[in-house]
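1. Show me the folded form of this:
(chains A, B, C and D)
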2 protein chains.
Amino acid sequence: MKVGIKDIAKAAGVSKSTVSNVLNGKSNVSAATKERIFELCQSYNYFPNASGRSLKTSQSKAILFNFSDFDRSFYLKIVEGINDYAESNGYDLIVCTSKSCEKYMRNSMTDGSIILDLRMTNDILARVACEGYPIVVLDRVLDNPYIKSIVVDNYEPMTALMRMLVDKGYKSYAFLGGPESTEDNQERYKAFVDVLAERQIPFSKQNYFSGDYREKSGYKAAKIIMLSSEKPDVLVCANDNMALGAMRVFREAGVRVPEDIAVTGFDDCELARPMGLTTVAIPNFERGYLAARHLIENIEGTTNAEALKIKAEVKIRKTVR
Amino acid sequence: MKVGIKDIAKAAGVSKSTVSNVLNGKSNVSAATKERIFELCQSYNYFPNASGRSLKTSQSKAILFNFSDFDRSFYLKIVEGINDYAESNGYDLIVCTSKSCEKYMRNSMTDGSIILDLRMTNDILARVACEGYPIVVLDRVLDNPYIKSIVVDNYEPMTALMRMLVDKGYKSYAFLGGPESTEDNQERYKAFVDVLAERQIPFSKQNYFSGDYREKSGYKAAKIIMLSSEKPDVLVCANDNMALGAMRVFREAGVRVPEDIAVTGFDDCELARPMGLTTVAIPNFERGYLAARHLIENIEGTTNAEALKIKAEVKIRKTVR
DNA sequence: TTGTAAGCGTTATCAA
DNA sequence: TTGATAACGCTTACAA
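-> Numbering: from 1, shown residues only, chains lettered A, B, ... in the order given. As a prediction, this is how the structure comes out:
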């Protein structure tokens, strides 16, 4: 049978309040009863019920991280960063992959959330946040006084990467984009276009290919590139997965990288270094850590909703000469 | 202000029970009130409190997955498999990375758990399970009528891998082991030793190196191997991470793989295929899926605690000739 | 079809 | 130092 606080109280011959006080480390209990109660909890295998507790206290000492993109395994680094900060600050981390994690946000099941999944729409977030529930969003900027945005600066490193390519003398460029609605992709593409314009290198929309950030969509796009009469010198991809997909096509077709075509990515995923892919490294552990820090600060009283931009760094490897 | 069921009730001019009935899809409410209540919930931005609910009903329609090994990013595939089954069966998935996730197991915050983290000791699990809380453990076998174990069959594929190596004519073998307390490592090593004995190939304990499953420990072990006067023909590693660490040493030292030394791993992690590592593929998505299925079946009434062994498959790639 | 009232397991307030 | 009691937000008999 389930044992509750009242069973312990009865066994110890004291009231529920006393047991509660002991369990919560209050100082107004005699050493004798304190010890007796601890022993009873042990032998009864008693464990306080978190629902009951948070129903009463409206807090949980837990934060939530919401994501569902299993395609990008380097996201695990974000979880690690969040976990690191949370654990050392006395918060549990709960990761929720469901569409419907709204129910873990409200209800004081968690004290705040870090949101990555785009299925959590801005509307839902605004609705939850306006009740005073702290939220940090990653990879998008929300103009909401209750929600803190942490985004990666895509534009600056992509500009640096592109300038480097132009300086190396590459003349013709193709771009393999991700989902066009994402801010990430827009910024990366804008930097691409801007540098070409700045250096007066022509670019035709024919050399824009669109994917969905998955490896397969890079594979498909590269197949199409292979069909065209003249291949570009460089294929600039909006992320690593697609770049790796494209490289697979080139390898299969005997097209050498970087001799016949150079390839770049974005993310610095796990495979990027071993594959020698030139890319932009996003510090995932660090942004997880930072997200947790800001969230917990906001939970504990601060109010800071200023958007934060994280720097990323170009990694030059073997896929460009 | 926080709005609760009684606020909706008051606004609608009905009782809490009626609102509750509407929200839970009971059929005993008139269409008119039903609609009115739905509208009010919307406009009041009302969301039922899960703590209150599960306190009353002692169930949550959620399962928990507990792990904390961020070093093995292919574990994410397990999460994906669990999520897949859970989601299509109406359960939420909560992943908890804390030492202390016991509190999410008891309390009807979740209806059952899948446990991977070794910090969750057998004792704790037994204590929780004996209260009728369904548990599935991965990677260890517990002899407990309430706990279902799902493990990978390490012995059989490692035997196959070893026989293949012997058949190829390799003569001298070294083994790079993981933490010696883990069942995984023991089984893999036993298969290694057994095949050598079976084929009458001598093996000296001098060629056993011990690591901790991390890349770095493979790197260190290989450094030591490099110092010895005669290198083995093959380095059999208890997992991929260590094999990759060792390969890094060999590459840096100009030792060719597989010409000068062959290397094998275990896991088929993300890097294994692109690096051409010969290894054993563990079907992670599938075991996550299976774990979720058994767990949810047990939650919903079945009682099945028979240990389950999952097959793994040898993948021959370029790191052996 | 709707309402009343009890209770889930805690903690907080206040009085003893 | 301890205890009685109310309250947190919800569900569920049962009564109306």
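
2. Kindly confirm my reading that residue A:65 is in a strand.
-> Yes - per DSSP: H, G, I helix; E, B strand; the rest coil, residue A:65 lies within a strand segment.

3. In contact with it: list those residues for me.
-> Neighbouring residues of residue A:65 by C-beta atoms under 8 Å, 6 or more residues apart in numbering or on different chains: A:78-79, A:82, A:93-96, A:113-114, A:116. Just so you know, the C-beta spots here come from the backbone N, C-alpha and C atoms, and that holds for glycine as well.

4. export those residues to TSV and tack on neighbour count, secondary structure and distance to chain B?
-> Output for the contacts of residue A:65, formatted as TSV (neighbours: other C-beta atoms under 10 Å in any protein chain shown; DSSP: H, G, I helix; E, B strand; the rest coil; distance: C-beta to the nearest C-beta, whole Å):
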residue	neighbour count	secondary structure	distance to chain B
A:78	25	helix	10
A:79	24	helix	7
A:82	29	helix	9
A:93	26	strand	5
A:94	26	strand	5
A:95	22	strand	4
A:96	27	strand	6
A:113	26	strand	13
A:114	28	strand	13
A:116	21	coil	14
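
5. From those residues, pick the one nearest DNA strand C.
-> Set against DNA strand C, the nearest of those by C-beta to the nearest atom of the strand is residue A:94 (19.2 Å).

6. For the stretch 1-150 of chain A, which residues are neighbours of DNA strand C?
-> A:2, A:4-6, A:16-17, A:20, A:23-24, A:46-49, A:51-53, A:55-57 (C-beta under 7 Å from any atom of the strand).

7. Weed out the non-buried ones from these.
-> A:4-5, A:20, A:23, A:46-49, A:51-53, A:55 (16 or more other C-beta atoms under 10 Å in any protein chain shown).

8. The residue lying closest to residue A:297 once chain neighbours are set aside in helix, strand or coil?
-> Using C-beta to C-beta, 6 or more residues apart in numbering or on different chains and skipping residues adjacent in sequence, the residue nearest residue A:297 is residue A:304, 6.9 Å away. When classified by three-state DSSP, residue A:304 comes out as coil.

9. what helix or strand is residue A:151 on?
-> Following DSSP states H and E, the helix or strand that holds residue A:151 is strand A:147-152.

10. what number of residues lie near residue A:302?
-> Other residues near residue A:302 come to 11 when the count uses other C-beta atoms under 10 Å in any protein chain shown.

11. re the thing from before, does chain B have contacts with the strand holding residue A:151?
-> No - Strand A:147-152 stays clear of chain B (C-beta under 8 Å from any C-beta of the partner chain), getting no nearer than 15.7 Å.

12. residues of the host helix or strand of residue A:235 that come out buried?
-> Assigned by DSSP H and E, residue A:235 belongs to strand A:234-237. Using 16+ other C-beta under 10 Å as the test for burial, strand A:234-237 gives A:234-237.

13. what mean pLDDT does it have?
-> Mean pLDDT, computed over strand A:234-237, is 98.

14. and if you look at stretch A:306-317?
-> 96.

15. Now do it: distance to the chain's middle.
-> 14 Å (C-alpha atoms, centre = their mean, to the nearest Å).

16. first vs last residue of it, how far apart are they?
-> 35 Å (C-alpha to C-alpha, to the nearest Å).

17. quick revisit: what pairs with the strand holding residue A:235, and is each one parallel or antiparallel?
-> strand A:173-177 (parallel), strand A:262-264 (parallel) (DSSP bridges).

18. Quick check: what element follows it along the chain?
-> Following strand A:234-237 in sequence order, the next helix or strand is helix A:240-253 (DSSP H and E).

19. any idea how far residue A:150 is from residue B:135?
-> Look at residue A:150 and residue B:135: by C-beta to C-beta, to the nearest Å, they are 36 Å apart.

20. ok, the two, which is more surrounded?
-> Comparing residue A:150 with residue B:135 by other C-beta under 10 Å, the one with more neighbours is residue B:135, at 25 against 21.

21. what sits against the more buried one?
-> Counting by C-beta under 8 Å, 6+ apart, residue B:135 has contacts B:105, B:112-115, B:125, B:128-129, B:146-148, B:295.

22. what do you get for residue A:131?
-> Per C-beta under 8 Å, 6+ apart, neighbours of residue A:131: A:106, B:2, B:45.

23. what do you get if the cut-off is 7 Å, keeping everything else the same?
-> residue B:2 (C-beta atoms under 7 Å, 6 or more residues apart in numbering or on different chains).

24. what do you get for residue A:185?
-> So residue A:185 contacts A:177-179, A:238 (C-beta under 7 Å, 6+ apart).

25. Give me the buried entries from these.
-> A:177-178, A:238.

26. Let me have the residues you listed in CSV, extended by distance to DNA strand D.
-> Formatted as CSV, the buried ones among the contacts of residue A:185 follow (distance: C-beta to the nearest atom of the strand, whole Å):
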residue, distance to DNA strand D
A:177, 44
A:178, 39
A:238, 43
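
27. nearest to DNA strand C, of the residues you listed?
-> residue A:178 (46.8 Å).

28. which residues sit in contact with the nearest residue to residue A:171 once chain neighbours are set aside?
-> Counting by C-beta to C-beta, 6+ apart, residue A:233 is the residue found nearest to residue A:171 once chain neighbours are left out, at 5.6 Å. Residues near residue A:233 by C-beta under 7 Å, 6+ apart: A:170-172, A:261-262.

29. Distance-wise, check residue A:233 relative to residue B:241.
-> 37 Å.

30. Can you check the pLDDT for residue A:205?
-> For residue A:205, the model assigns a pLDDT of 93.

31. Repeat that for residue A:106.
-> 86.

32. Next: residue A:3.
-> Value for residue A:3, per-residue pLDDT: 88.

33. what does residue A:263 give?
-> 98.

34. who's it bridged to?
-> Under the criterion used here (DSSP bridges), residue A:263 is bridged to residue A:235.

35. close enough to count as contact, it and residue A:319?
-> Yes - applying C-beta atoms under 7 Å, one finds residue A:263 in contact with residue A:319, separated by 4.5 Å.

36. overlap in contacts of those two?
-> The contact lists of residue A:263 and residue A:319 share A:257, A:277, where a contact means C-beta under 7 Å, 6+ apart.

37. between those two, who's got more neighbours?
-> Neighbour totals were compared for residue A:263 and residue A:319, and residue A:263 leads with 29 against 23 (other C-beta under 10 Å).

38. and the more buried one, what does it touch?
-> Here residue A:263 is in contact with A:235, A:237, A:243, A:246-247, A:257, A:277, A:319 (C-beta under 7 Å, 6+ apart).

39. Of these, which is the nearest to residue A:308?
-> Set against residue A:308, the nearest of these by C-beta to C-beta is residue A:237 (26.0 Å).

40. For residue A:259, grab phi and psi.
-> Per-residue torsions, residue A:259: phi -60, psi -50 (degrees, to the nearest 10).

41. what about stretch A:165-173, average pLDDT?
-> 97.

42. The closest residue to residue A:176 other than its chain neighbours and residue A:163, how far apart?
-> Take residue A:176 and drop its neighbours on the chain: the residue closest to it by C-beta to C-beta, 6+ apart is residue A:237, 4.4 Å away. Applying C-beta to C-beta, the value for residue A:237 to residue A:163 is 17 Å.

43. Stretch A:6-23 and DNA strand D in contact?
-> Yes - on the criterion C-beta under 7 Å from any atom of the strand, stretch A:6-23 is in touch with DNA strand D at A:13-18, A:21.

44. Spell out which parts of the stretch 201-321 of chain A neighbour chain B.
-> A:270-271, A:274-275 (C-beta under 7 Å from any C-beta of the partner chain).

45. how about JSON lines for these, with neighbour count and pLDDT added?
-> Formatted as JSON lines, these follow (neighbours: other C-beta atoms under 10 Å in any protein chain shown; pLDDT from 0 to 100):
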{"residue": "A:270", "neighbour count": "20", "pLDDT": "90"}
{"residue": "A:271", "neighbour count": "24", "pLDDT": "91"}
{"residue": "A:274", "neighbour count": "15", "pLDDT": "87"}
{"residue": "A:275", "neighbour count": "22", "pLDDT": "91"}
